[in-house]
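Colleague: sharing a sequence plus its predicted fold:
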Amino acid sequence: MTEILIRFIIGGVSVSFFSLLGDIFKPKSFAGLFGAAPSVALATLALTISKEGTHYAAIEAKSMMLAAVAFLIYASCVSWTMMRHKHSALFVASAFLGVWAAAAFGLWYIILK
Amino acid sequence: MLVQIDFSILKETRWYQVAVRFCSGGLVTAATGLIAQKYGPGVGGLFLAFPAILPASATLIEKHERERKEQAGLSGTVRARQAVGLDAAGAAMGSVGLFVFAWVICKFVPTHQPYLVIAVATLCWMIVSLLIWHMRKRIL
């Protein structure tokens, strides 16, 4: 339970920090780089290494590479849709999370499983 | 357009928007640990590149851009959508840096000082993301 709480706090701080950086920079395309910051990874990797070891962290990182490809697909879909259609940002960004999940798990199943 | 820092946006940010980001980041990070415990590092690792920032940021950008235009007596709906689209395009470019970050961790963390590898991987994310953004700016 303590570990989950620590992860929650570190993750919250990390994501908030990179979000803040994304807020203050202009132009928006530059600020968007921080939307793909390794915020969750930075929050969790040190804990993982100290508890499970470096080999475990390397396996996680291998999967993360595939999830980064899924992230590219996700962010491209959100960008394309927001530029061309009249849906709200919350709807588009939330709806395409399914695309991220499908791409990430699909790639993992095909390449790593 | 040159890269600029604008702190005025922070005045427009409400406490609940900060709380939403903090909680979403915290929940994803905690869930990643639990998923890795239950299903192993292969599945858990996927969530290290979960888009935790983009949905909350997109909503915030849309709101701020619309409010700014409406204060000037204009409809900000189109401008707000374009701003979110540009932000997401930036995130797409940053995802290449995210891939490189993961590759550096995967390749070097078992054989080198782990915390140094994390620092180098973060630096690589930053450099690759900036390079891609700069290249894209020059090409388009």
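Modeller: Okay, I see it. Since this is a predicted model, take the numbers as computed values, not measurements.
Colleague: for residue A:74, which non-adjacent residue is closest in space?
Modeller: Closest residue to residue A:74 apart from its sequence neighbours, by Cβ to Cβ, 6 or more residues apart in numbering or on different chains: residue A:100 at 3.9 Å. All C-beta spots, glycine's among them, are computed from the backbone N, C-alpha and C.
Colleague: again but with residue A:65, I slipped
Modeller: residue B:102 (4.3 Å).
Colleague: mind telling me what element the one you found is part of?
Modeller: Taking DSSP states H and E as the definition, residue B:102 sits inside helix B:77-108.
Colleague: using the record's assignment, carve chain A into domains.
Modeller: According to automatic domain parsing, chain A comprises the domains A:1-52, A:63-113.
Colleague: residue B:50: which of those domains is closest?
Modeller: domain A:1-52 (5.9 Å; Cβ to Cβ).
Colleague: contact partners for the residue nearest to residue A:65?
Modeller: Residues counted as contacts of residue B:102 (Cβ atoms under 8 Å, 6 or more residues apart in numbering or on different chains) are A:38, A:41, A:61-62, A:64-65, A:67-68, B:48-49, B:121.
Colleague: now do the strands in chain B.
Modeller: B:4-5 (DSSP state E).
Colleague: quick one: low-confidence parts of it?
Modeller: In the predicted model of chain B, residues B:1, B:138-140 satisfy pLDDT under 70.
Colleague: residue nearest the middle of it, spatially speaking?
Modeller: The C-alpha lying nearest the average C-alpha coordinate of chain B belongs to residue B:53 (Cα atoms, centre = their mean; 5.0 Å).
Colleague: looking at it, that one is touching residue A:37, isn't it?
Modeller: Yes - assessed by Cβ atoms under 8 Å, residue B:53 is found in contact with residue A:37 at 6.8 Å.
Colleague: quick check: whatever residue is furthest in space from the centre of chain A vs chain B, distance?
Modeller: For chain A, the C-alpha lying farthest from the average C-alpha position belongs to residue A:86; by Cα atoms, centre = their mean, that distance is 25.0 Å. Applying Cβ to the nearest Cβ, to the nearest Å, the value for residue A:86 to chain B is 7 Å.
Colleague: tell me the secondary structure of that residue, please.
Modeller: Here residue A:86 is recorded as coil under DSSP: H, G, I helix; E, B strand; the rest coil.
Colleague: that one against residue B:81, yeah?
Modeller: Yes - using Cβ under 8 Å, residue A:86 makes contact with residue B:81 at a distance of 7.3 Å.
Colleague: related to what we said a few turns ago, residue B:38 is nearest to which of the domains of chain A?
Modeller: Nearest to residue B:38, of all the domains of chain A, is domain A:1-52, at 12.7 Å by Cβ to Cβ.
Colleague: start to end distance for that closest one?
Modeller: Taking Cα to Cα, to the nearest Å, the first and last residues of domain A:1-52 lie 17 Å apart.
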